[in-house]
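1. What follows is a predicted structure for the sequence shown.
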Amino acid sequence: MPSSSSFPIILLALAALPMASAHDHSSSHIEEGQTISVEPIDTTLWIHIFIQMLAWGVIFPLGMVLGIVKSRWHVPVQVIGTALAILGYALGHMHGGREFRHDNVHSKFASPISLLLFAQILMGIYLKLHLEKGINGKIRRFVKIGHGFVGKALPVLSWTQMLFGGITALGFCQGEHVGQCLAHFIMGSAFIAYGILLTILLVVGQVWIRRTGRSQEFFDSAVIAAWGMVNTFTEHRWGTEWVKNDWQHTTMGVIWWAAGLAGVWLSRDRDGRPQRNFIPGFVILITGWAMSAHPQELMISAETHKMFGYTLMAAGATRVIEVSFVLRDRPGLSEDGRDSSSFQYVPVFLLYASGFLFMGATEEQMSFIAGSGMDHVAYILILYSLAFLVFLFTNVLLGVYDRNTTSNLPNKEVANGRLGPRLNGNVPVRDAQEFELEGLMSEDEDDGVRRPREDDDALNSPSTVGKNSDGVAR
(Lines give C-alpha, C1' and ligand atoms only; values in the text may rest on other atoms or scores of the structure.)
Protein backbone atom coordinates (compact mmCIF):
# COMPACT_ATOMS: atom_id res chain seq x y z
CA MET A 1 0.00 0.00 0.00
CA PRO A 2 1.53 3.38 -0.96
CA SER A 3 2.41 5.83 1.77
CA SER A 4 0.63 9.17 2.10
CA SER A 5 3.76 10.98 0.93
CA SER A 6 3.77 9.09 -2.37
CA PHE A 7 0.06 9.70 -3.05
CA PRO A 8 0.58 13.09 -4.82
CA ILE A 9 3.09 11.45 -7.20
CA ILE A 10 0.64 8.66 -8.03
CA LEU A 11 -2.12 11.21 -8.61
CA LEU A 12 0.11 13.23 -10.95
CA ALA A 13 1.00 10.10 -12.90
CA LEU A 14 -2.65 9.18 -13.28
CA ALA A 15 -3.53 12.71 -14.39
CA ALA A 16 -0.85 12.54 -17.07
CA LEU A 17 -2.18 9.28 -18.52
CA PRO A 18 -4.82 10.91 -20.77
CA MET A 19 -2.20 12.98 -22.56
CA ALA A 20 0.11 9.97 -22.95
CA SER A 21 -2.54 7.50 -24.09
CA ALA A 22 -4.38 9.59 -26.67
CA HIS A 23 -4.96 7.91 -30.02
CA ASP A 24 -7.04 8.43 -33.12
CA HIS A 25 -10.47 6.84 -33.36
CA SER A 26 -11.11 4.43 -36.19
CA SER A 27 -13.20 5.93 -38.98
CA SER A 28 -13.33 3.04 -41.44
CA HIS A 29 -17.12 2.67 -41.24
CA ILE A 30 -17.98 6.34 -41.73
CA GLU A 31 -19.65 7.05 -45.06
CA GLU A 32 -18.30 9.69 -47.39
CA GLY A 33 -19.43 13.17 -46.40
CA GLN A 34 -20.55 12.06 -42.91
CA THR A 35 -18.91 12.66 -39.54
CA ILE A 36 -20.21 9.59 -37.68
CA SER A 37 -20.99 5.99 -38.57
CA VAL A 38 -24.50 4.53 -38.52
CA GLU A 39 -23.82 2.17 -35.57
CA PRO A 40 -25.53 3.02 -32.25
CA ILE A 41 -23.65 4.28 -29.21
CA ASP A 42 -22.47 1.28 -27.20
CA THR A 43 -22.58 0.73 -23.43
CA THR A 44 -18.93 1.70 -22.91
CA LEU A 45 -19.45 5.09 -24.50
CA TRP A 46 -22.63 5.67 -22.49
CA ILE A 47 -20.65 4.96 -19.30
CA HIS A 48 -17.97 7.39 -20.51
CA ILE A 49 -20.65 10.08 -21.01
CA PHE A 50 -22.23 9.66 -17.58
CA ILE A 51 -18.91 9.43 -15.70
CA GLN A 52 -17.54 12.56 -17.37
CA MET A 53 -20.76 14.47 -16.73
CA LEU A 54 -20.57 13.45 -13.07
CA ALA A 55 -16.88 14.34 -12.72
CA TRP A 56 -16.73 17.57 -14.72
CA GLY A 57 -20.31 18.77 -14.29
CA VAL A 58 -20.96 17.94 -10.62
CA ILE A 59 -17.89 16.95 -8.59
CA PHE A 60 -15.41 19.55 -9.88
CA PRO A 61 -17.84 22.50 -9.41
CA LEU A 62 -18.62 21.25 -5.89
CA GLY A 63 -14.90 20.95 -5.20
CA MET A 64 -14.38 24.48 -6.51
CA VAL A 65 -16.91 25.87 -4.01
CA LEU A 66 -15.36 23.84 -1.17
CA GLY A 67 -11.99 25.29 -2.16
CA ILE A 68 -13.33 28.85 -2.09
CA VAL A 69 -14.65 28.36 1.46
CA LYS A 70 -11.42 26.54 2.46
CA SER A 71 -13.22 23.36 3.47
CA ARG A 72 -11.26 20.28 4.52
CA TRP A 73 -13.37 18.33 2.00
CA HIS A 74 -11.94 20.26 -0.95
CA VAL A 75 -9.00 17.92 -1.59
CA PRO A 76 -10.89 14.59 -1.15
CA VAL A 77 -13.68 15.75 -3.47
CA GLN A 78 -11.23 16.89 -6.15
CA VAL A 79 -9.28 13.63 -5.87
CA ILE A 80 -12.49 11.66 -6.49
CA GLY A 81 -13.35 13.91 -9.43
CA THR A 82 -9.88 13.48 -10.93
CA ALA A 83 -10.02 9.70 -10.60
CA LEU A 84 -13.42 9.58 -12.32
CA ALA A 85 -12.26 11.97 -15.06
CA ILE A 86 -9.27 9.74 -15.82
CA LEU A 87 -11.48 6.64 -15.89
CA GLY A 88 -13.94 8.39 -18.18
CA TYR A 89 -11.18 9.50 -20.50
CA ALA A 90 -9.89 5.93 -20.78
CA LEU A 91 -13.38 4.60 -21.53
CA GLY A 92 -13.73 7.20 -24.28
CA HIS A 93 -10.85 5.48 -26.11
CA MET A 94 -12.06 1.93 -25.50
CA HIS A 95 -15.57 2.02 -26.92
CA GLY A 96 -16.96 0.16 -29.89
CA GLY A 97 -20.15 0.86 -31.80
CA ARG A 98 -20.45 4.34 -33.30
CA GLU A 99 -17.28 5.72 -34.85
CA PHE A 100 -16.27 9.38 -35.17
CA ARG A 101 -13.86 11.32 -37.30
CA HIS A 102 -10.56 11.71 -35.48
CA ASP A 103 -10.53 15.50 -35.99
CA ASN A 104 -13.84 16.18 -34.24
CA VAL A 105 -14.06 19.20 -31.95
CA HIS A 106 -14.72 17.13 -28.80
CA SER A 107 -11.51 15.16 -29.29
CA LYS A 108 -9.46 18.26 -30.05
CA PHE A 109 -10.71 20.10 -26.95
CA ALA A 110 -9.99 17.11 -24.68
CA SER A 111 -6.22 17.65 -24.75
CA PRO A 112 -6.10 21.28 -23.56
CA ILE A 113 -8.72 20.72 -20.86
CA SER A 114 -6.81 17.64 -19.64
CA LEU A 115 -3.62 19.71 -19.59
CA LEU A 116 -5.37 22.33 -17.47
CA LEU A 117 -6.55 19.65 -15.07
CA PHE A 118 -2.99 18.34 -14.82
CA ALA A 119 -1.69 21.87 -14.10
CA GLN A 120 -4.46 22.40 -11.54
CA ILE A 121 -3.46 19.23 -9.67
CA LEU A 122 0.19 20.24 -9.78
CA MET A 123 -0.57 23.69 -8.33
CA GLY A 124 -2.86 22.19 -5.69
CA ILE A 125 -0.18 19.77 -4.50
CA TYR A 126 2.37 22.62 -4.36
CA LEU A 127 0.03 24.72 -2.22
CA LYS A 128 -0.76 21.73 0.01
CA LEU A 129 2.95 21.30 0.79
CA HIS A 130 3.01 24.81 2.34
CA LEU A 131 6.42 25.73 0.95
CA GLU A 132 6.80 29.33 2.08
CA LYS A 133 10.50 29.89 2.69
CA GLY A 134 12.92 31.53 0.28
CA ILE A 135 11.87 31.73 -3.35
CA ASN A 136 8.76 29.71 -2.53
CA GLY A 137 7.40 32.64 -0.56
CA LYS A 138 7.32 34.72 -3.75
CA ILE A 139 6.16 31.93 -6.05
CA ARG A 140 3.35 30.77 -3.78
CA ARG A 141 1.30 33.95 -4.27
CA PHE A 142 1.21 33.54 -8.05
CA VAL A 143 0.52 29.81 -7.81
CA LYS A 144 -2.40 30.55 -5.50
CA ILE A 145 -3.83 33.05 -8.01
CA GLY A 146 -3.35 30.60 -10.89
CA HIS A 147 -4.93 27.75 -8.94
CA GLY A 148 -7.97 29.87 -8.13
CA PHE A 149 -8.35 31.14 -11.70
CA VAL A 150 -8.07 27.72 -13.33
CA GLY A 151 -10.42 26.23 -10.75
CA LYS A 152 -13.11 28.79 -11.55
CA ALA A 153 -12.53 28.48 -15.31
CA LEU A 154 -12.86 24.69 -15.38
CA PRO A 155 -16.68 24.62 -14.91
CA VAL A 156 -17.07 26.94 -17.92
CA LEU A 157 -14.66 24.87 -20.01
CA SER A 158 -16.39 21.69 -18.83
CA TRP A 159 -19.75 23.04 -20.02
CA THR A 160 -18.18 23.81 -23.40
CA GLN A 161 -16.68 20.33 -23.67
CA MET A 162 -20.00 18.68 -22.77
CA LEU A 163 -21.70 20.64 -25.54
CA PHE A 164 -18.95 19.56 -27.94
CA GLY A 165 -19.54 15.97 -26.81
CA GLY A 166 -23.24 16.13 -27.62
CA ILE A 167 -22.56 17.72 -31.00
CA THR A 168 -19.95 15.08 -31.86
CA ALA A 169 -22.07 12.13 -30.70
CA LEU A 170 -24.90 13.12 -33.05
CA GLY A 171 -22.74 14.39 -35.91
CA PHE A 172 -24.28 17.87 -35.82
CA CYS A 173 -22.95 21.35 -36.60
CA GLN A 174 -20.95 20.61 -39.72
CA GLY A 175 -20.58 22.62 -42.93
CA GLU A 176 -23.35 25.13 -43.46
CA HIS A 177 -24.83 24.42 -40.03
CA VAL A 178 -21.82 25.75 -38.10
CA GLY A 179 -23.02 29.36 -38.05
CA GLN A 180 -26.47 28.51 -36.74
CA CYS A 181 -25.02 26.19 -34.09
CA LEU A 182 -22.69 28.91 -32.89
CA ALA A 183 -25.56 31.39 -32.64
CA HIS A 184 -27.86 29.02 -30.73
CA PHE A 185 -25.28 27.55 -28.36
CA ILE A 186 -23.54 30.85 -27.57
CA MET A 187 -26.77 32.79 -27.04
CA GLY A 188 -28.43 29.93 -25.15
CA SER A 189 -25.42 29.53 -22.88
CA ALA A 190 -25.40 33.30 -22.34
CA PHE A 191 -29.01 33.20 -21.09
CA ILE A 192 -28.13 30.38 -18.69
CA ALA A 193 -25.01 32.22 -17.52
CA TYR A 194 -27.10 35.36 -16.93
CA GLY A 195 -29.53 33.28 -14.88
CA ILE A 196 -26.66 31.83 -12.82
CA LEU A 197 -25.20 35.30 -12.19
CA LEU A 198 -28.61 36.61 -11.09
CA THR A 199 -28.95 33.61 -8.77
CA ILE A 200 -25.55 34.37 -7.22
CA LEU A 201 -26.44 38.03 -6.74
CA LEU A 202 -29.84 37.15 -5.27
CA VAL A 203 -28.57 34.57 -2.78
CA VAL A 204 -25.14 35.80 -1.69
CA GLY A 205 -24.29 38.94 -3.68
CA GLN A 206 -26.65 41.69 -2.52
CA VAL A 207 -24.10 43.19 -0.13
CA TRP A 208 -21.44 43.16 -2.85
CA ILE A 209 -23.75 45.11 -5.16
CA ARG A 210 -24.18 47.76 -2.45
CA ARG A 211 -20.42 47.96 -1.98
CA THR A 212 -19.86 48.80 -5.64
CA GLY A 213 -21.90 51.98 -5.31
CA ARG A 214 -23.87 51.11 -8.43
CA SER A 215 -27.22 49.50 -9.09
CA GLN A 216 -27.47 46.04 -10.61
CA GLU A 217 -29.03 47.53 -13.74
CA PHE A 218 -25.80 49.43 -14.43
CA PHE A 219 -23.89 46.18 -14.94
CA ASP A 220 -26.74 44.49 -16.79
CA SER A 221 -27.19 47.45 -19.12
CA ALA A 222 -23.47 47.78 -19.80
CA VAL A 223 -23.24 44.14 -20.89
CA ILE A 224 -26.41 44.50 -23.00
CA ALA A 225 -24.97 47.56 -24.75
CA ALA A 226 -21.64 45.81 -25.46
CA TRP A 227 -23.38 42.70 -26.80
CA GLY A 228 -25.62 44.85 -28.99
CA MET A 229 -22.61 46.58 -30.52
CA VAL A 230 -21.12 43.22 -31.47
CA ASN A 231 -24.40 41.93 -32.94
CA THR A 232 -24.96 45.09 -34.96
CA PHE A 233 -21.79 44.57 -36.98
CA THR A 234 -21.53 40.77 -37.08
CA GLU A 235 -25.03 39.43 -37.86
CA HIS A 236 -24.90 40.58 -41.50
CA ARG A 237 -22.09 39.73 -43.86
CA TRP A 238 -21.36 43.23 -45.10
CA GLY A 239 -21.07 43.58 -48.86
CA THR A 240 -23.70 40.91 -49.52
CA GLU A 241 -27.43 41.17 -50.07
CA TRP A 242 -29.66 41.69 -47.04
CA VAL A 243 -32.04 38.85 -46.24
CA LYS A 244 -34.94 38.53 -43.79
CA ASN A 245 -33.00 37.15 -40.79
CA ASP A 246 -30.17 39.65 -41.32
CA TRP A 247 -32.61 42.49 -40.79
CA GLN A 248 -34.04 40.93 -37.63
CA HIS A 249 -30.71 40.06 -36.05
CA THR A 250 -29.04 43.37 -36.89
CA THR A 251 -31.93 45.52 -35.65
CA MET A 252 -32.02 43.42 -32.49
CA GLY A 253 -28.38 44.37 -31.95
CA VAL A 254 -29.27 48.03 -32.49
CA ILE A 255 -32.02 48.00 -29.87
CA TRP A 256 -29.73 46.20 -27.44
CA TRP A 257 -27.02 48.86 -27.51
CA ALA A 258 -29.53 51.71 -27.65
CA ALA A 259 -31.52 50.36 -24.68
CA GLY A 260 -28.33 49.36 -22.86
CA LEU A 261 -26.97 52.91 -23.01
CA ALA A 262 -30.32 54.20 -21.72
CA GLY A 263 -30.14 51.69 -18.87
CA VAL A 264 -26.64 52.83 -17.93
CA TRP A 265 -27.84 56.45 -17.86
CA LEU A 266 -30.86 55.64 -15.71
CA SER A 267 -28.78 53.59 -13.24
CA ARG A 268 -28.11 56.79 -11.25
CA ASP A 269 -30.62 59.34 -10.00
CA ARG A 270 -30.26 63.10 -10.27
CA ASP A 271 -28.11 63.17 -7.11
CA GLY A 272 -25.72 60.52 -8.42
CA ARG A 273 -27.01 57.72 -6.20
CA PRO A 274 -27.56 54.15 -7.50
CA GLN A 275 -31.05 53.72 -8.97
CA ARG A 276 -32.95 50.67 -10.26
CA ASN A 277 -34.68 50.78 -13.66
CA PHE A 278 -36.76 48.65 -16.03
CA ILE A 279 -34.42 48.59 -19.03
CA PRO A 280 -32.76 45.13 -18.77
CA GLY A 281 -36.10 43.42 -18.15
CA PHE A 282 -37.69 45.23 -21.08
CA VAL A 283 -34.81 44.29 -23.40
CA ILE A 284 -35.26 40.62 -22.46
CA LEU A 285 -39.01 40.90 -23.08
CA ILE A 286 -38.75 42.45 -26.53
CA THR A 287 -35.95 40.04 -27.48
CA GLY A 288 -38.27 37.14 -26.67
CA TRP A 289 -41.01 38.66 -28.80
CA ALA A 290 -38.64 39.14 -31.74
CA MET A 291 -37.18 35.64 -31.57
CA SER A 292 -40.59 33.99 -31.28
CA ALA A 293 -41.49 35.51 -34.67
CA HIS A 294 -38.61 33.89 -36.60
CA PRO A 295 -40.06 31.88 -39.54
CA GLN A 296 -39.58 28.09 -39.22
CA GLU A 297 -40.07 25.25 -41.69
CA LEU A 298 -40.97 22.41 -39.30
CA MET A 299 -43.96 22.51 -36.98
CA ILE A 300 -41.96 21.27 -33.99
CA SER A 301 -39.36 23.97 -34.67
CA ALA A 302 -42.06 26.67 -34.80
CA GLU A 303 -43.57 25.45 -31.52
CA THR A 304 -40.19 25.24 -29.77
CA HIS A 305 -39.19 28.73 -30.90
CA LYS A 306 -42.61 30.04 -29.88
CA MET A 307 -42.24 28.57 -26.40
CA PHE A 308 -38.73 29.99 -26.19
CA GLY A 309 -40.08 33.43 -27.07
CA TYR A 310 -42.90 33.19 -24.52
CA THR A 311 -40.48 32.04 -21.82
CA LEU A 312 -38.05 34.86 -22.51
CA MET A 313 -40.88 37.40 -22.60
CA ALA A 314 -42.10 36.08 -19.23
CA ALA A 315 -38.57 36.40 -17.84
CA GLY A 316 -38.40 40.05 -18.92
CA ALA A 317 -41.89 40.90 -17.67
CA THR A 318 -41.37 39.30 -14.28
CA ARG A 319 -38.00 41.04 -13.96
CA VAL A 320 -39.69 44.42 -14.48
CA ILE A 321 -42.37 43.49 -11.93
CA GLU A 322 -39.70 42.40 -9.44
CA VAL A 323 -37.72 45.64 -9.67
CA SER A 324 -40.68 48.02 -9.84
CA PHE A 325 -43.28 46.42 -7.58
CA VAL A 326 -41.70 43.69 -5.41
CA LEU A 327 -38.54 45.59 -4.48
CA ARG A 328 -40.02 49.05 -5.26
CA ASP A 329 -36.68 50.19 -6.71
CA ARG A 330 -34.76 49.15 -3.57
CA PRO A 331 -31.52 47.11 -3.83
CA GLY A 332 -33.11 44.27 -1.82
CA LEU A 333 -35.71 43.34 0.74
CA SER A 334 -33.33 43.73 3.70
CA GLU A 335 -30.20 45.66 4.55
CA ASP A 336 -28.12 42.56 5.32
CA GLY A 337 -28.95 41.01 1.94
CA ARG A 338 -30.22 37.73 3.38
CA ASP A 339 -33.93 38.11 2.63
CA SER A 340 -35.54 37.39 -0.72
CA SER A 341 -39.02 36.90 -2.08
CA SER A 342 -40.11 33.70 -3.81
CA PHE A 343 -41.15 35.83 -6.77
CA GLN A 344 -37.54 36.92 -7.30
CA TYR A 345 -36.65 33.39 -8.37
CA VAL A 346 -39.22 33.41 -11.20
CA PRO A 347 -37.33 35.60 -13.73
CA VAL A 348 -34.09 33.90 -12.72
CA PHE A 349 -35.35 30.38 -13.48
CA LEU A 350 -37.04 31.47 -16.70
CA LEU A 351 -33.63 32.58 -18.00
CA TYR A 352 -32.30 29.05 -17.43
CA ALA A 353 -35.31 27.63 -19.30
CA SER A 354 -34.90 30.15 -22.13
CA GLY A 355 -31.28 29.14 -22.58
CA PHE A 356 -32.04 25.44 -22.84
CA LEU A 357 -34.94 26.04 -25.21
CA PHE A 358 -32.78 28.11 -27.54
CA MET A 359 -29.86 25.69 -27.46
CA GLY A 360 -32.23 22.87 -28.31
CA ALA A 361 -33.79 24.57 -31.34
CA THR A 362 -31.20 24.26 -34.12
CA GLU A 363 -32.36 22.96 -37.51
CA GLU A 364 -30.56 19.63 -37.12
CA GLN A 365 -31.96 19.05 -33.64
CA MET A 366 -35.47 19.86 -34.83
CA SER A 367 -35.16 17.45 -37.77
CA PHE A 368 -33.83 14.76 -35.43
CA ILE A 369 -36.71 15.18 -32.94
CA ALA A 370 -39.30 15.29 -35.75
CA GLY A 371 -38.01 11.98 -37.07
CA SER A 372 -37.99 10.35 -33.63
CA GLY A 373 -41.76 10.46 -33.16
CA MET A 374 -41.56 12.76 -30.14
CA ASP A 375 -43.95 15.71 -30.16
CA HIS A 376 -43.07 19.28 -29.22
CA VAL A 377 -44.77 19.07 -25.81
CA ALA A 378 -42.59 16.20 -24.60
CA TYR A 379 -39.45 17.83 -26.01
CA ILE A 380 -40.15 21.17 -24.34
CA LEU A 381 -40.86 19.43 -21.02
CA ILE A 382 -37.49 17.64 -21.27
CA LEU A 383 -35.72 20.97 -21.84
CA TYR A 384 -37.55 22.51 -18.88
CA SER A 385 -36.50 19.53 -16.76
CA LEU A 386 -32.85 20.13 -17.66
CA ALA A 387 -33.29 23.78 -16.71
CA PHE A 388 -34.68 22.78 -13.31
CA LEU A 389 -31.73 20.45 -12.69
CA VAL A 390 -29.14 23.16 -13.43
CA PHE A 391 -31.18 25.67 -11.40
CA LEU A 392 -31.27 23.22 -8.49
CA PHE A 393 -27.55 22.46 -8.66
CA THR A 394 -26.67 26.16 -8.77
CA ASN A 395 -28.71 26.78 -5.62
CA VAL A 396 -27.14 23.74 -3.91
CA LEU A 397 -23.64 25.12 -4.60
CA LEU A 398 -24.65 28.54 -3.31
CA GLY A 399 -26.14 26.89 -0.22
CA VAL A 400 -22.82 25.12 0.45
CA TYR A 401 -21.00 28.43 0.02
CA ASP A 402 -23.39 30.37 2.23
CA ARG A 403 -23.40 27.89 5.10
CA ASN A 404 -19.61 27.79 5.19
CA THR A 405 -19.00 31.54 5.01
CA THR A 406 -21.79 33.03 7.14
CA SER A 407 -21.24 32.97 10.87
CA ASN A 408 -24.16 32.83 13.30
CA LEU A 409 -25.71 36.26 13.51
CA PRO A 410 -27.42 37.74 16.58
CA ASN A 411 -31.16 37.25 16.78
CA LYS A 412 -33.28 39.59 14.73
CA GLU A 413 -36.97 39.98 14.02
CA VAL A 414 -38.79 37.59 11.77
CA ALA A 415 -39.27 39.34 8.43
CA ASN A 416 -42.14 39.05 5.99
CA GLY A 417 -44.26 37.09 8.44
CA ARG A 418 -41.95 34.05 8.31
CA LEU A 419 -42.15 31.62 11.20
CA GLY A 420 -39.45 29.36 12.54
CA PRO A 421 -35.66 29.66 12.61
CA ARG A 422 -33.46 29.78 9.55
CA LEU A 423 -30.41 27.60 9.16
CA ASN A 424 -27.47 28.82 11.29
CA GLY A 425 -29.94 30.50 13.62
CA ASN A 426 -30.06 33.75 11.67
CA VAL A 427 -33.78 34.33 12.27
CA PRO A 428 -35.08 33.13 15.68
CA VAL A 429 -38.63 32.19 16.57
CA ARG A 430 -39.54 35.67 17.68
CA ASP A 431 -43.25 34.94 17.64
CA ALA A 432 -42.79 32.12 20.15
CA GLN A 433 -40.80 34.40 22.47
CA GLU A 434 -43.51 37.04 22.38
CA PHE A 435 -46.16 34.40 23.11
CA GLU A 436 -44.28 33.17 26.16
CA LEU A 437 -43.80 36.72 27.50
CA GLU A 438 -47.34 37.82 26.75
CA GLY A 439 -48.46 37.37 30.36
CA LEU A 440 -45.48 39.35 31.67
CA MET A 441 -46.17 42.48 29.66
CA SER A 442 -46.77 45.58 31.73
CA GLU A 443 -49.90 47.67 31.77
CA ASP A 444 -48.04 50.37 29.89
CA GLU A 445 -47.53 47.97 27.02
CA ASP A 446 -51.24 47.07 27.08
CA ASP A 447 -52.02 50.76 26.74
CA GLY A 448 -49.88 50.95 23.63
CA VAL A 449 -46.80 52.41 25.33
CA ARG A 450 -44.07 49.82 25.38
CA ARG A 451 -40.92 50.25 27.40
CA PRO A 452 -37.68 49.68 25.57
CA ARG A 453 -35.80 46.51 26.38
CA GLU A 454 -32.14 45.68 26.08
CA ASP A 455 -32.74 43.03 23.45
CA ASP A 456 -34.68 45.59 21.39
CA ASP A 457 -31.51 47.65 21.17
CA ALA A 458 -29.66 44.61 20.01
CA LEU A 459 -32.32 43.88 17.42
CA ASN A 460 -32.28 47.38 16.02
CA SER A 461 -28.52 47.76 16.10
CA PRO A 462 -26.93 48.32 12.71
CA SER A 463 -23.93 46.24 13.81
CA THR A 464 -25.34 43.16 12.12
CA VAL A 465 -25.81 44.84 8.76
CA GLY A 466 -23.58 43.33 6.09
CA LYS A 467 -22.26 40.64 8.44
CA ASN A 468 -22.47 38.07 5.70
CA SER A 469 -20.43 40.17 3.37
CA ASP A 470 -17.22 38.67 4.74
CA GLY A 471 -17.67 35.69 2.50
CA VAL A 472 -19.19 37.49 -0.47
CA ALA A 473 -16.74 39.95 -1.91
CA ARG A 474 -13.36 38.55 -1.26
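-> Now that the structure is in, tell me what you want to look at.
2. Can you pull the phi and psi angles for the residue lying closest to E364 once chain neighbours are set aside?
-> Distances taken as C-beta to C-beta, 6 or more residues apart in numbering put F172 closest to E364, at 4.6 Å, once the chain neighbours are dropped. Placement of C-beta: from N, CA and C, glycine included. When read as degrees, to the nearest 10, the backbone of F172 gives phi -90, psi 170.
3. Wait, F172 touches Q180, no?
-> No: checked against C-beta atoms under 8 Å, the pair F172 and Q180 is beyond contact range at 10.1 Å.
4. Now do the contacts for A387.
-> Neighbour list for A387: 349, 352-353, 355-356 [criterion: C-beta atoms under 8 Å, 6 or more residues apart in numbering].
5. From these, pick the one nearest S324.
-> S324 has its nearest neighbour among the contacts of A387 in F349, at 19.4 Å by C-beta to C-beta.
6. And S37, what's its pLDDT?
-> On pLDDT, S37 comes in at 85.
7. Kindly report the same for A290.
-> Looking at A290, its pLDDT reads 89.
8. residues touching it, list them.
-> 248, 252, 309.
9. The closest residue to the last one other than its chain neighbours and T311, how far apart?
-> Leaving aside its chain neighbours, G309 sits nearest to S292 (2.1 Å; criterion: C-beta to C-beta, 6+ apart). S292 sits 9 Å away from T311 when distances are taken as C-beta to C-beta, to the nearest Å.
10. sorry, back to before: which one's more surrounded, F172 and Q180?
-> It is F172, of F172 and Q180, that has more neighbours when counted by other C-beta atoms under 10 Å, with 19 against 15.
11. hmm, back to that, backbone dihedrals for the residue nearest to G309, both of them.
-> Phi and psi for S292, reported as degrees, to the nearest 10, are phi -70, psi -20.
12. what about it, how many residues close to it?
-> Other residues lying near S292 total 17 when counted by other C-beta under 10 Å.
13. Quick one: residues contacting it.
-> 305-306, 308-310, 312-313.
14. In a markdown table: these, plus distance to M123, secondary structure and pLDDT.
-> Output for the contacts of S292, formatted as a markdown table (distance: C-beta to C-beta, whole Å; DSSP: H, G, I helix; E, B strand; the rest coil; pLDDT from 0 to 100):
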| residue | distance to M123 | secondary structure | pLDDT |
| --- | --- | --- | --- |
| H305 | 44 | helix | 93 |
| K306 | 48 | helix | 93 |
| F308 | 41 | helix | 96 |
| G309 | 45 | helix | 95 |
| Y310 | 46 | helix | 96 |
| L312 | 40 | helix | 96 |
| M313 | 45 | helix | 97 |
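15. just the buried members of those?
-> By neighbour count, with 16 or more other C-beta atoms under 10 Å, those hold 305-306, 308-310, 312-313 as buried.
16. just to revisit the earlier point, shared neighbours of F172 and Q180, anything?
-> Joint contacts of F172 and Q180 (C-beta under 8 Å, 6+ apart) are T362.
17. remind me which residues of the stretch 1-150 of the chain are low pLDDT?
-> Scanning the stretch 1-150 of the chain for pLDDT under 70 picks out 1-28.
18. Can you check the pLDDT for R422?
-> The model's pLDDT for R422 equals 49.
19. I should have written A458 there, sorry.
-> The model reports A458 with a pLDDT of 45.
20. Check which residues of the helix or strand where F388 lies are buried.
-> If you go by DSSP states H and E, F388 is part of helix 376-405. Buried residues in helix 376-405, counting neighbours by 16+ other C-beta under 10 Å, are found at 376, 379-380, 383-384, 386-387, 390-391, 394-395, 397-398, 400-402, 405.
21. pLDDT (mean, whole number) over that helix?
-> Helix 376-405 comes out with an average pLDDT of 96.
22. ok now it, how far from the chain's centre?
-> 9 Å (C-alpha atoms, centre = their mean, to the nearest Å).
23. first vs last residue of stretch 336-353, how far apart are they?
-> Distance between the two ends of stretch 336-353: 30 Å, counting by C-alpha to C-alpha, to the nearest Å.
24. Any buried residues in it, and which?
-> 336-340, 344-353.
25. which pair in those residues spans the largest distance?
-> Across the buried residues of stretch 336-353 (C-beta to C-beta), the longest gap, 30.2 Å, separates D336 and A353.
26. Check this protein for its longest helix and report it.
-> In the chain, with assignment by DSSP state H, the single longest helix is helix 135-170.
27. now that one against helix 376-405, angle please.
-> Calculated by axes from the mean of the first three to the mean of the last three C-alpha atoms, to 10 degrees, helix 135-170 forms an angle of 170 degrees with helix 376-405.
28. returning to that earlier point: for the residue nearest to E364, what are its contacts?
-> F172 neighbours (C-beta under 8 Å, 6+ apart): 166, 181, 362, 364-365.
29. Report the buried members of those.
-> By neighbour count, with 16+ other C-beta under 10 Å, these hold 181, 362, 364-365 as buried.
30. Please identify which of the residues you listed is nearest to K144.
-> Using C-beta to C-beta, the buried ones among the contacts of F172 come closest to K144 at C181, 37.7 Å.
31. On the pLDDT front, check that closest one for me.
-> On pLDDT, C181 comes in at 92.
32. Apart from its neighbours in sequence, what residue is nearest it?
-> In space, and not counting its chain neighbours, C181 is closest to C173: 3.7 Å by C-beta to C-beta, 6+ apart.
33. State the distance from that neighbour to A378.
-> Going from C173 to A378 by C-beta to C-beta gives 24 Å.
34. V323 now?
-> Distance, V323 to A378, using C-beta to C-beta: 35 Å.
35. Same check on M64?
-> 34 Å.
36. would the residue nearest to C181 count as being in a strand?
-> No: with DSSP: H, G, I helix; E, B strand; the rest coil as the criterion, C173 is assigned coil and is not in a strand.
37. Okay, buried residues for stretch 142-161 please.
-> By 16+ other C-beta under 10 Å, the buried positions in stretch 142-161 come out as 143, 147, 150-151, 154-155, 157-159, 161.
38. any idea which residue sits dead centre in the chain?
-> For the chain, the residue nearest the mean C-alpha position is I196 (3.6 Å; C-alpha atoms, centre = their mean).
39. and that residue, which of the three is it?
-> Relying on three-state DSSP, one would call I196 helix.
40. Could you tell me which of the contacts of A387 are located in helices?
-> 349, 352-353, 355-356.
41. count of residues packed around I135?
-> Count around I135 with other C-beta under 10 Å applied: 8.
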